[in-house]
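[1] Based on what follows, work out the 3D shape:
(chains A and B)
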Amino acid sequence: MAAVDDAQQPDSRLSKTNRERLVSAGRHAALLVWSFVVLFPLYWIVSMSLKPPTAAISLPPDWIFLPTVYNYIQLLQQSSFVYAFFNSVFMVSASVILVLLIGVPAAYVLSRYDIPKQRDVLVWILSSRMLPPVAVIIPFFVIFRALNLYDTRIGMIFMYITINISLVVWVMKAFFDGIPETLEEAARVDGATRFQAFRKVILPAAKPGIFSVAIISFIFAWIELLFSLVLTNNNAVTVTMQVYQFIGVRQIEWGMLAAATTATIIPVVIFVIAVNRYLAAGLSFGVVIKE
Amino acid sequence: MAKIDLDTVTKRFGSGGDAVVAVDDVSLEIEDGEFVVFVGPSGSGKSTLLRIVAGLERQTEGDVVIGDTIVNELGPRARDIAMVFQNYALYPNMTVEENMAFGLKMSTDLSDDEIETRVRETAEKMGIGRLLDNTPGEMSGGQQQRVALGRAIVRNPDVFLMDEPLSNLDAKLRTEMRTEINRLQNELDVTTLYVTHDQTEAMTMGDRLVVLNYGELQQVGTPLECFYRPKNRFVAGFLGSPSMNFFEGQTEGGTLRLDGFDFDLTREMQSAAGSRNELVLGIRPEDAKIHDTPRSSHELEAEVDVVEPMGSISYVYLRATEQEGDRTFIVETDGQRAITEGQSVYVEIPDDDVHLFDDEDGETIHQRKLGEDAEVELEGQT
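    Now for the predicted structure:
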């Protein structure tokens, strides 16, 4: 019996290794296919932006072509696009800073203090996102006109804060809930005021959460189109509106559209890369959780 | 250094009919440099009491005095205390050095150089000198514990508060740190309040124990006093491991009728019991003795239920042969003694070692006898 076992063992071990290899290969293949699905549109847009206008939508597509920055030069020569681009950078950045300044302390207070009707306050904050934007766009338009906010940068910054505040408060409240209260108690015993404990101990511990909501808020505001279409006209136009304008009634300027789209992606990528190191997962809070 | 007075301190959480009394009318004087251990089961109010002293909770009634100052209105930062938390609560975004320097930066006017020197000296003393550049996430539980202690010590505060600081360590490390904290406290001579639910820690660490249950003070005394002279059934049962065995019964003449056996009360016990009818007899597992054959009048026949060998000793769980209920009691016996489950034995309950409690209010009405030396020592302590 033992001899038989010995004889069979190498075979079964081999087949096991083979099976593992097969599973691994399958997994890699699936990942490759998925990467292709995700990355191909990006490749398509970037490559389209680098083709001369005539070749942009030729079929079959020119897989090999001489890249040109023609579309980008054209784009930069359009002062309205450049204006809208920097307009968006300013309005979106300002709105992210402000929404964090308002939302993070609010989330902290909701997490740590005994507030009457705390749950109701949270749902009330969330209610700003419960209706589809299209349902509230007309009331917003009326209000913006009445308050002289129509087509102003301040108006759009308010709009972006409205869009993102519930996200910041809800995510950050959950984040603060996860930070042990003993951390700020230790700081207070160590001689810090409540505010110092928040600023010097809790805020740094909450950095990953803050930067996560900053990125998401930035993206939500940056890609917003509906509100800017209705609430701006000239002064406060956004980059998404400018991209949209390349889709004309009679024709679509594919090369320009692709270049504008690519240019629009860049700030988001830069922002994400800049804060990426703060998003380190698995941050220890320097405490042990009692089992 | 400072003495601490708690004067009729009460803490209620919530209000009206839903209020929970966490600390109930506790008065206590803690001497300068004393090491006092608050001990009790969970929910006994020991941590709340410590947090009241720290200023992290505000008492509903009563006064807290540290040194000569009533600190009721003062926040934690104004009380000159240092605290070690159960979960250590090290600042995750700071290195060990920054963690230890934080309190000095916040609460003193020391220059950066002076702070660095003090941090380094303390770190060396605590054996964490080489960890100064690490962040809490990079350290083991034991190392974090040392840093937490170091962070408290470096401040050189008037009072140390420790909230179950050893409960997250493994058994071996816990024993080591117990000795270490004792040594540090002796060396620094700083008034220390220490909270634990672990009665071994309580017995081995404090100059005095404060035993709490349901927010009420049960007994304040030296560990030996609380162990040998418990004020009530709760203290008697809480201190000592395994717990004291209790047998409820009724007196009939000079006899206490218990479930499964009768115990003849001595004259002293009878006069202590007075007119009380319902009594509880308490005997510690190490005081009862197991015999194979009947030897004395104060014994009962019992059957061995379970044997737990601990090495040098064994814990034998027994059931009185004639009892109606299903309860077992524990007797400690020599580890080398051959004893098997199901065996029939005689358990002697020496009358010198017996405690008697009032069944109604749990108060001790008769204490066990002690050897002459112990009596003298306990006399000296009280």
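
[2] who touches whatever residue of the stretch 51-200 of chain A ends up closest to chain B in this structure?
    Nearest residue of the stretch 51-200 of chain A to chain B: A:Gly191, at 3.0 Å (Cβ to the nearest Cβ). Heads up, the C-betas are built off the backbone N, CA and C, glycines and all. Neighbour list for A:Gly191: B:77, B:103, B:106-108 [criterion: Cβ atoms under 8 Å, 6 or more residues apart in numbering or on different chains].

[3] residues near A:Arg119, how many?
    9 (other Cβ atoms under 10 Å in any protein chain shown).

[4] try A:Ser47
    Count around A:Ser47 with other Cβ under 10 Å applied: 17.

[5] That one: what secondary structure?
    For A:Ser47, the secondary structure call by DSSP: H, G, I helix; E, B strand; the rest coil comes out as helix.

[6] Likewise for B:Asp373?
    Secondary structure, three-state DSSP: B:Asp373 is helix.

[7] and the stretch 1-150 of chain B, which of its residues are near chain A?
    Contact residues, the stretch 1-150 of chain B versus chain A (Cβ under 8 Å from any Cβ of the partner chain): B:54-56, B:75-77, B:81-83, B:85-94, B:99, B:102-103, B:106-108, B:135-137, B:141, B:144.

[8] Now go through the residues you listed and say which are in helices.
    With DSSP state H as the criterion, helices contain B:54, B:99, B:102-103, B:106-107, B:141, B:144 from among the residues of the stretch 1-150 of chain B next to chain A.

[9] a markdown table for the contacts of A:Gly191, including pLDDT?
    Formatted as a markdown table, those follow (pLDDT from 0 to 100):
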| residue | pLDDT |
| --- | --- |
| B:Arg77 | 90 |
| B:Gly103 | 93 |
| B:Met106 | 91 |
| B:Ser107 | 89 |
| B:Thr108 | 90 |
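
[10] nearest to A:Leu98, of these?
    Distance to A:Leu98, by Cβ to Cβ, is smallest for B:Met106 among the contacts of A:Gly191, at 29.9 Å.

[11] I'd say the closest one and A:Ala192 touch.
    Yes - look at B:Met106 against A:Ala192 with Cβ atoms under 8 Å: they come within range, at 4.9 Å.

[12] And the closest residue to B:Thr328 other than its chain neighbours, how close does it get to chain A?
    Spatial nearest neighbour of B:Thr328, chain neighbours left out: B:Tyr317 (4.6 Å); criterion: Cβ to Cβ, 6 or more residues apart in numbering or on different chains. The gap separating B:Tyr317 from chain A is 28 Å, by Cβ to the nearest Cβ, to the nearest Å.

[13] Which residues outside the helix or strand containing B:Tyr317 are in contact with it?
    Using DSSP states H and E, B:Tyr317 falls within strand B:313-320. The contact list for strand B:313-320, computed with Cβ under 8 Å, 6+ apart, reads B:242, B:259-261, B:285, B:290, B:300-308, B:326-335, B:337, B:339, B:345, B:347.

[14] Name the residue of the stretch 201-350 of chain B with the shortest distance to chain A.
    For the stretch 201-350 of chain B, Cβ to the nearest Cβ, closest residue to chain A: B:Glu201, 15.9 Å.

[15] what secondary structure does that residue sit in?
    helix.

[16] how many neighbours does it have?
    For B:Glu201, using other Cβ under 10 Å, the count is 23.

[17] same question, A:Lys207
    Using other Cβ under 10 Å: A:Lys207 sits among 16 other residues.

[18] and it, what is it in contact with?
    Contacts of A:Lys207 (Cβ under 8 Å, 6+ apart): A:278, B:93.

[19] Check the residue nearest in space to the middle of chain A and give its pLDDT.
    By Cα atoms, centre = their mean, chain A has its centre lying nearest to A:Ile216, at 3.2 Å. A:Ile216 carries a pLDDT value of 90.

[20] do the one 4 residues further on as well
    pLDDT, the model's per-residue confidence, is 93 for A:Phe220.

[21] now for the helix or strand of chain A with the lowest mean pLDDT, which elements pack on it?
    Least confident helix or strand of chain A, by mean pLDDT, DSSP states H and E, is helix A:2-49 with a mean of 80. With contacts defined as 3 or more Cβ pairs under 8 Å, 6 or more residues apart in numbering or on different chains; DSSP states H and E, the packing partners of helix A:2-49 are helix A:254-275.

[22] Next, see if the helix it packs on gets close to chain B.
    No - if you take Cβ under 8 Å from any Cβ as the test, helix A:254-275 misses chain B, and the best it gets is 15.8 Å.

[23] pull the CA atoms of that helix into CSV?
    What follows is helix A:254-275, C-alpha atoms only, in CSV (Å, rounded to 0.1, in the frame of the first residue of the first chain):
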residue,chain,number,x,y,z
TRP,A,254,-13.9,64.8,-32.7
GLY,A,255,-10.3,65.9,-32.6
MET,A,256,-11.0,69.0,-30.4
LEU,A,257,-13.4,67.0,-28.3
ALA,A,258,-10.8,64.4,-27.6
ALA,A,259,-8.1,67.0,-26.8
ALA,A,260,-10.4,68.9,-24.5
THR,A,261,-11.5,65.7,-22.8
THR,A,262,-7.8,64.7,-22.3
ALA,A,263,-7.0,68.1,-20.9
THR,A,264,-9.9,67.9,-18.5
ILE,A,265,-8.7,64.6,-17.1
ILE,A,266,-5.2,66.0,-16.3
PRO,A,267,-6.1,68.1,-13.2
VAL,A,268,-7.9,65.2,-11.6
VAL,A,269,-4.9,62.9,-12.2
ILE,A,270,-2.5,65.5,-10.8
PHE,A,271,-4.6,66.0,-7.7
VAL,A,272,-5.0,62.2,-7.0
ILE,A,273,-1.2,61.7,-7.4
ALA,A,274,-0.5,64.6,-5.1
VAL,A,275,-2.6,63.3,-2.2
